[in-house]
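K.L.:
Sequence and predicted structure are below.
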Amino acid sequence: MSTLPTAGPGPYPADAPASADLFDRARAVIPGGVNSPVRAFQAVGGTPRFMASGQGPYLFDADGRRYVDLVCSWGPLLHGHAHPEVVAAVQAAAARGTSFGAPTAAEVELADEIVARTPVQRVRLVSSGTEATMTAVRLARAATGRAKLVKFAGCYHGHVDALLAAAGSGVATLGLPGSPGVTSAAAGQTIVLPYNDPAAVQAAFAAEGDQIAAVITEAAAGNMGVIAPRDGFNAALARIAHAHGALLIVDEVLTGFRVSSAGWHGLEPVDADLWTFGKVMGGGLPAAAFGGRADLLDQLAPTGPVYQAGTLAGNPLACAAGLATLRLADADAYRRLDDAAATVSKLTTEALSAAGVPHRLSTAGNLFSVFFTGSDVSDYATAQTQHTAAYAAFFHAMLARGVYLPPSAYEAWFVSTALDDTAVAQVAAATPAAARAAAAAGAGS
Ligand code: PMP
């Protein structure tokens, strides 16, 4: 891939009038003007860009500005925006009817595709990652007859009550809810431990192992910035959980079908009991799943007593988008994703080094993020050493030069197979000035 700088569009003015108007209207009728908090730009300041369309590697906002998209809808868009085969599959499915409330062939095909790629024997389709983890936890509790859960600080598994109990380690240790509205009864069942620390897991199981239903972990952490599991960490989780009769739930909502055709499992097989998936498997429409051994999954209704259901579960449009996306995801696609991730991360780290900005590039397969800190990062506490104001300055300088990064320092950056030489060259052209903006924001001080 060529990395020769070419002039992209911009720099755009700091204000974005059409987005600002929409944001005003949105705040009148939607809490905070957004339907998912990080979209509001609170972590970086400024006006969130309201998007009008997407094409290949680009987003177009309400002011008609073009951005190279390094968010990719937070992961689902493996092949970029409006890929012709994905669009055609969704259009054809829509023309046949949008929902039946009855089983369809597309659900079987999507389940077959997931079972073929991953270690799961059976899979249940749902509509969001939150539903997937919520039900995996219910199933683990039912299968073990135990209530408690182990999760790791900084890992996000959706907004399930019991899994929000990690807003901050002090709060968590007291067993207090991580969000108002979560009861202390729900939060009190969750033991929050530092990521990448098997000794803490060992100690928790030594203390109350007979009450723990499951350990839930992201296959590789991607919601406090990207932090790979240390060698042997995931294996230790499986070993410790199993030694105490507990289950291991590996959350591959973010990593699944993105870091390899089998997700994180393709890079590091883990002896888990349940897996959760989402994002890529829905190709940009709402679809997610959880799966595992047949004997566990068959405890779900209608074969077993554990209840779970969904009016739109296995929706035909979502299945069509997911199937088209997975079928395009061949070995060549993963090579292109890996190359794009390596190129963009190298450009960024070179520009930051040239500007004297202390940082750590952190990778897990083709997932990556850049921590603006001079300290090594291995868990949530060390992730919090980053200079978030420097990231905000970097973010806005990139945005002005037509590159859309995650509007928070605590998120992964996502590439797609649509990221071509022209788009990469635009990123290359933007990074030096953005790195200088980060330096000017005091990143080195
Ligand atoms: N698990 C992980 C690892 C995630 O990254 C996310 C969402 N970012 C979820 C679960 C929740 O998925 P959803 O937003 O579809 O509910």
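P.N.:
Thanks, I have it. Numbers count the residues shown, from 1 in each chain.

K.L.:
so what's residue 144 up against?
P.N.:
For residue 144, the contact set (Cβ atoms under 8 Å, 6 or more residues apart in numbering) comprises 213-214, 245-247. (C-beta placed from N, C-alpha, C; glycine too.)

K.L.:
So in the protein, which strand runs the longest?
P.N.:
For the chain, the strand that runs over the most residues, judged by DSSP state E, is strand 212-218.

K.L.:
re the thing from before, quick one, which of the contacts of residue 144 are buried?
P.N.:
213-214, 246-247 (16 or more other Cβ atoms under 10 Å).

K.L.:
between the residues you listed, which is closest to the ligand?
P.N.:
If you rank these by distance to the ligand using Cβ to the nearest ligand atom, residue 214 comes first, at 14.6 Å.

K.L.:
ok, so what distance separates the single nearest residue of the stretch 301-445 of the chain relative to the ligand from residue 190?
P.N.:
Residue of the stretch 301-445 of the chain nearest the ligand, by Cβ to the nearest ligand atom: residue 412 (8.4 Å). Distance, residue 412 to residue 190, using Cβ to Cβ, to the nearest Å: 24 Å.

K.L.:
Show the contacting residues for the residue of the stretch 301-445 of the chain closest to the ligand.
P.N.:
Applying Cβ under 8 Å, 6+ apart to residue 412 gives the contacts 75, 222-223, 225-226, 254, 367-369, 406.

K.L.:
can you list the residues of this protein near the ligand?
P.N.:
By Cβ under 6 Å from any ligand atom, the part of the chain that sits against the ligand consists of 74, 128-130, 133, 156-158, 218, 222-223, 251, 253-254, 278, 288.

K.L.:
So which of those belong to strands?
P.N.:
218, 251, 288.

K.L.:
And these, which is closest to residue 122?
P.N.:
Checking those against residue 122 with Cβ to Cβ, the nearest one is residue 288 at 15.2 Å.

K.L.:
all strands of the stretch 251-400 of the chain, in order?
P.N.:
Using DSSP state E, counting those that start in this stretch, the strands of the stretch 251-400 of the chain run over residues 274-277, 288-292, 360-364, 367-371.

K.L.:
Just the C-alphas of the last one, formatted as CSV.
P.N.:
The C-alpha atoms that make up strand 367-371 are tabulated as CSV, following Å, rounded to 0.1, in the frame of the first residue of the first chain:
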residue,chain,number,x,y,z
LEU,A,367,-7.6,-4.3,16.3
PHE,A,368,-5.6,-1.4,17.6
SER,A,369,-5.7,1.9,19.4
VAL,A,370,-3.2,4.5,20.4
PHE,A,371,-2.8,5.4,24.1
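
K.L.:
And the residue of the stretch 251-400 of the chain that's closest to the ligand?
P.N.:
For the stretch 251-400 of the chain, Cβ to the nearest ligand atom, closest residue to the ligand: residue 253, 3.5 Å.

K.L.:
next one: the stretch 1-150 of the chain
P.N.:
Proximity of the stretch 1-150 of the chain to the ligand (Cβ to the nearest ligand atom) peaks at residue 129, 2.2 Å away.

K.L.:
quick one: contacts for that residue?
P.N.:
Residue 129 makes contact with 157-158, 251, 253, 276, 278-279, 288, according to Cβ under 8 Å, 6+ apart.

K.L.:
Neighbour count added to those, as JSON lines?
P.N.:
Shown next, in JSON lines, are those (neighbours: other Cβ atoms under 10 Å):
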{"residue": "157", "neighbour count": "27"}
{"residue": "158", "neighbour count": "18"}
{"residue": "251", "neighbour count": "33"}
{"residue": "253", "neighbour count": "31"}
{"residue": "276", "neighbour count": "31"}
{"residue": "278", "neighbour count": "30"}
{"residue": "279", "neighbour count": "28"}
{"residue": "288", "neighbour count": "27"}
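
K.L.:
Could you identify the most distant pair in those residues?
P.N.:
Across the contacts of residue 129, the longest distance by Cβ to Cβ is 13.1 Å; it joins 157 and 279.

K.L.:
what sits in contact with each of the two?
P.N.:
With Cβ under 8 Å, 6+ apart as the test, residue 157 and residue 279 both reach 129, 253.

K.L.:
one step back: quick one: residues contacting the residue of the stretch 251-400 of the chain closest to the ligand.
P.N.:
Going by Cβ under 8 Å, 6+ apart, residue 253 touches 129, 132-133, 157-158, 276-279, 288.

K.L.:
How confident was the prediction at the residue lying closest to the residue of the stretch 301-445 of the chain closest to the ligand once chain neighbours are set aside?
P.N.:
Using Cβ to Cβ, 6 or more residues apart in numbering and skipping residues adjacent in sequence, the residue nearest residue 412 is residue 222, 4.4 Å away. Residue 222 is assigned 95 on the pLDDT scale.
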